[in-house]
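Chemist: no sequence on this one, just coordinates:
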């Protein structure tokens with residue numbers, strides 16, 4: 001059930017993107033490969049995809065005749081359309097439509113059964129986001145003939161994160177809009193009507209906003225097939241959270257030396273973290289054209305949802321934890337808010353020390369968007385001044401109402417994430433705070449310390465006092481789940497062993 005819901009969600013994103021770009025969904029069957037159990041005369045399987053109702057595929061009279069399209073990729077299939085031939089209409093009766101990942105006929109799941117269909121009529125069958133690479137039509141029984149005038153398969157590439165994103169590019173040639181590179185139409189059947197293209201310019205770029213931070217495993221790029229395949233040569237794929245230089249300063253996943261015309265090449269990005277995927281070609285008088293970009297990966301974990309939020313004061317029911325509720329509420333009812341005060345602040349305890357890569361802030365969208373202006377994002381391990389003395393990651397000049405802005409913190413270490421607005425008569429309102437990074441874990445460490453003390457450190461009470469002082473110093477840096485003990489006594493040196501609590505399971509991390 002989870003897979004179904006996931007596919008439906010992606011499918012909704014697909015429909016929105018395609019409606020913007022082309023006004024309708026694309027028939028994924030058009031760039032698939034067809035086959036059937038047999039062919040009668042010239043009734044070849046591909047005639048069911050030629051767009052002509054006066055031609056049709058046709059099997060011999062046989063037991064369990066079938067027709068199959070290999071979509072070449074795994075899709076979430078929303079619907080299937082079948083157009084009956086203009087004669088012998090009864091031959092479609094009882095046909096079964098199946099969708100799945102098995103190339104054989106009967107292992108895939110049934111989407112629908114066609115009881116009957118009038119001459120030249122087209123029927124639409126909802127498959128509800130069924131996942132599969134193959135769509136099969138077959139008629140069970142003896143002495144059957146299967147003949148299809150036209151077939152349509154509509155859906156979205158399963159797992160392709162690009163279809164939910166928003167695409168833009170440095171310039172646009174004709175109607176080759178940026179969004180056409182994420183419409184799930186690789187442009188291979190309709191020539192280049194499904195491709196994006198910039199003008200000839202210096203350093204042309206194309207950028208995809210995934211709307212959230214992902215760990216990108218693979219990027220698949222499909223080149224144009226009619227001409228000019230060399231225009232993709234030297235393109236760089238970059239992934240990250242920065243929009244500096246239009247995103248072209250983010251780390252490189254891969255450089256594309258070339259892609260043959262009409263081919264799709266897969267580039268491994270090994271879990272690179274980022275909200276933006278950028279393709280650009282460095283140099284003068286360059287044109288960037290491609291027919292499809294597919295992004296595969298998974299959402300980077302939002303550390304904020306497991307944290308504990310607090311704030312300097314609370315206005316009404318604008319509780320601090322509403323800023324980490326995954327945006328489940330709407331308008332200001334799902335936002336945190338302080339009272340109007342001096343230096344209002346909001347703090348998130350991540351419950352462990354992390355290397356924070358990014359913080360995403362969503363502003364309120366009903367009114368008062370300017371109240372976020374000047375807010376400081378601070379990250380660290382100190383609770384001094386309610387943790388507002390920790391180092392600054394970023395200062396927020398402004399965020400438009402209802403928008404989410406991403407701030408790169410470059411791996412700053414800390415247990416606490418604070419937002420504070422310096423000044424009098426200020427109100428701090430946050431509708432969502434997301435924090436991304438990775439836990440800073442320590443392997444078992446031995447810390448040797450030499451003391452210059454007039455006290456007798458062989459005295460157990462004195463040694464206990466030293467351990468307490470060391471524990472306090474570590475706690476100030478956020479290391480509260482540690483065990484400290486003396487392991488041996490030397491003269492004039494004493495040795496302290498610091499052992500991690502069992503909760504810390506990461507290895508090969510150095511003590512900071």
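Modeler: Good, I have the coordinates. All values reported here derive from a predicted model rather than from experimental measurement.
Chemist: ok, residue 248 - contacts?
Modeler: With contact taken as Cβ atoms under 8 Å, 6 or more residues apart in numbering, residue 248 is in contact with 203, 205, 236, 238, 278, 280. Where you see a C-beta, it was placed from the backbone N, CA and C, and this is true even at glycine.
Chemist: Is it correct that residue 358 falls within a helix?
Modeler: No: if the criterion is DSSP: H, G, I helix; E, B strand; the rest coil, then residue 358 is strand and not within a helix.
Chemist: give the contact list for residue 438.
Modeler: Residue 438 neighbours (Cβ under 8 Å, 6+ apart): 354-355, 357.
Chemist: most surrounded residue in the residues you listed?
Modeler: residue 354 (24 neighbours; other Cβ atoms under 10 Å).
Chemist: Chain neighbours aside, what residue packs nearest to it?
Modeler: residue 437 (4.4 Å; Cβ to Cβ, 6 or more residues apart in numbering).
Chemist: Now the one you found: which helix or strand?
Modeler: Using DSSP states H and E, residue 437 maps to strand 432-439.
Chemist: Low-confidence stretches in the protein?
Modeler: 1-25, 185-193, 326-333, 441-455, 476-482, 485-512 (pLDDT under 70).
Chemist: where do the helices sit along it?
Modeler: For the chain, applying DSSP state H gives helices covering 2-21, 460-476.
Chemist: What are the buried residues along the shortest one?
Modeler: It stands for helix 460-476. Within helix 460-476, the residues scored as buried using 16 or more other Cβ atoms under 10 Å are 463, 466, 470-471, 474.
Chemist: From residue 292, how far off is the spatially most central residue of the chain?
Modeler: Closest to where the C-alpha atoms of the chain average out (Cα atoms, centre = their mean) is residue 214, at 4.3 Å. Note on residue 214: its distance to residue 292, by Cβ to Cβ, to the nearest Å, is 18 Å.
Chemist: burial of residue 53, as a residue count?
Modeler: When neighbours are defined as other Cβ under 10 Å, residue 53 has 14 of them.
Chemist: Distance of it relative to residue 315?
Modeler: From residue 53 to residue 315 the distance is 65 Å (Cβ to Cβ).
Chemist: again with residue 350
Modeler: Relative to residue 315, and taking Cβ to Cβ, residue 350 is found at 25 Å.
Chemist: Ok, residue 470 next?
Modeler: 41 Å.
Chemist: Could you do residue 341 as well?
Modeler: Taking Cβ to Cβ, one finds residue 341 at 10 Å from residue 315.
Chemist: joint contacts of those two?
Modeler: Joint contacts of residue 341 and residue 315 (Cβ under 8 Å, 6+ apart) are residue 427.
Chemist: If we only consider the buried residues of helix 460-476, which is nearest to residue 74?
Modeler: Nearest to residue 74 out of the buried residues of helix 460-476 is residue 474 (Cβ to Cβ; 49.4 Å).
Chemist: Number of residues surrounding residue 205?
Modeler: 25.
Chemist: which residues does it bridge with?
Modeler: When bridges are called by DSSP bridges, residue 205 pairs up with residue 280.
Chemist: residues touching it, list them.
Modeler: Contacts of residue 205 by Cβ under 8 Å, 6+ apart are 169-170, 198, 246-248, 278-281, 288.
Chemist: Quick one, which of those residues are buried?
Modeler: Buried members of the contacts of residue 205, counted by 16+ other Cβ under 10 Å: 169-170, 198, 246-248, 278-281, 288.
Chemist: Would you quantify the distance from residue 282 to residue 243?
Modeler: Applying Cβ to Cβ to residue 282 and residue 243 gives a distance of 18 Å.
Chemist: quick one, which of those two is more surrounded?
Modeler: When neighbours are counted by other Cβ under 10 Å, residue 282 and residue 243 differ, and residue 243 comes out ahead with 18 against 14.
Chemist: Could you measure from the more buried one over to residue 462?
Modeler: Counting by Cβ to Cβ - residue 243 and residue 462 are separated by 56 Å.
Chemist: Next: residue 161.
Modeler: 59 Å.
Chemist: do the same with residue 358
Modeler: From residue 358 to residue 462 the distance is 46 Å (Cβ to Cβ).
Chemist: Run a quick neighbour tally on the residue nearest to residue 267 when sequence neighbours are not counted.
Modeler: Take residue 267 and drop its neighbours on the chain: the residue closest to it by Cβ to Cβ, 6+ apart is residue 254, 4.0 Å away. Neighbourhood size, residue 254 [other Cβ under 10 Å]: 19.
Chemist: Report the beta-bridge partners for residue 254.
Modeler: Bridge pairing for residue 254 - DSSP bridges - gives residue 237.
Chemist: List the residues that contact it.
Modeler: 219, 236-237, 267-269.
Chemist: Show me which of those residues are buried.
Modeler: The buried subset of the contacts of residue 254 - by 16+ other Cβ under 10 Å - is 219, 236-237, 269.
Chemist: Can you lay out those residues as TSV showing distance to residue 429?
Modeler: Output for the buried ones among the contacts of residue 254, formatted as TSV (distance: Cβ to Cβ, whole Å):
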residue	distance to residue 429
219	37
236	39
237	38
269	36
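Chemist: domains of the chain?
Modeler: As given by automatic domain parsing, the domain ranges for the chain are 2-157, 161-299, 304-439, 445-500.
Chemist: Now do stretch 296-314: distance from first to last residue.
Modeler: End-to-end distance for stretch 296-314: 41 Å, by Cα to Cα, to the nearest Å.
Chemist: Looking at the buried ones among the contacts of residue 205, spot the one nearest residue 226.
Modeler: residue 288 (16.0 Å).
Chemist: Let me know whether that closest one touches residue 234 as I believe.
Modeler: No: the criterion here is Cβ atoms under 8 Å, and residue 288 misses it with residue 234 at 10.2 Å.
Chemist: So which residues of the stretch 201-350 of the chain form strands?
Modeler: Secondary structure of the stretch 201-350 of the chain (DSSP state E, counting those that start in this stretch): strands at 205-222, 235-240, 252-256, 264-280, 289-290, 292-299, 308-311, 336-337, 345-362.
Chemist: could you say what helices and strands the fifth one packs with?
Modeler: Other elements packing on strand 289-290 under the criterion 3 or more Cβ pairs under 8 Å, 6 or more residues apart in numbering; DSSP states H and E are strand 196-197, strand 205-222.
Chemist: now that strand: how far from the chain's centre is it?
Modeler: Between the centre of strand 289-290 and the centre of its chain there are 22 Å (Cα atoms, centre = their mean, to the nearest Å).
Chemist: Need the residues that contact it.
Modeler: With Cβ under 8 Å, 6+ apart, strand 289-290 has contacts from 173, 176, 181, 192, 195-198, 206, 221-224, 228, 231-232, 279.
Chemist: Recalculate using a threshold of 6 Å.
Modeler: Defining contact as Cβ atoms under 6 Å, 6 or more residues apart in numbering, one finds that strand 289-290 is touched by 181, 197, 221, 223-224, 231.
Chemist: Columns distance to residue 78 on top of the contacts of residue 205, output as TSV?
Modeler: Formatted as TSV, the contacts of residue 205 follow (distance: Cβ to Cβ, whole Å):
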residue	distance to residue 78
169	28
170	33
198	31
246	34
247	32
248	35
278	30
279	28
280	33
281	35
288	31
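Chemist: Just name the closest of the residues you listed to residue 422, please.
Modeler: residue 247 (30.7 Å).
Chemist: Give me the distance between the closest one and residue 208.
Modeler: For residue 247 relative to residue 208 (Cβ to Cβ), the value is 9 Å.
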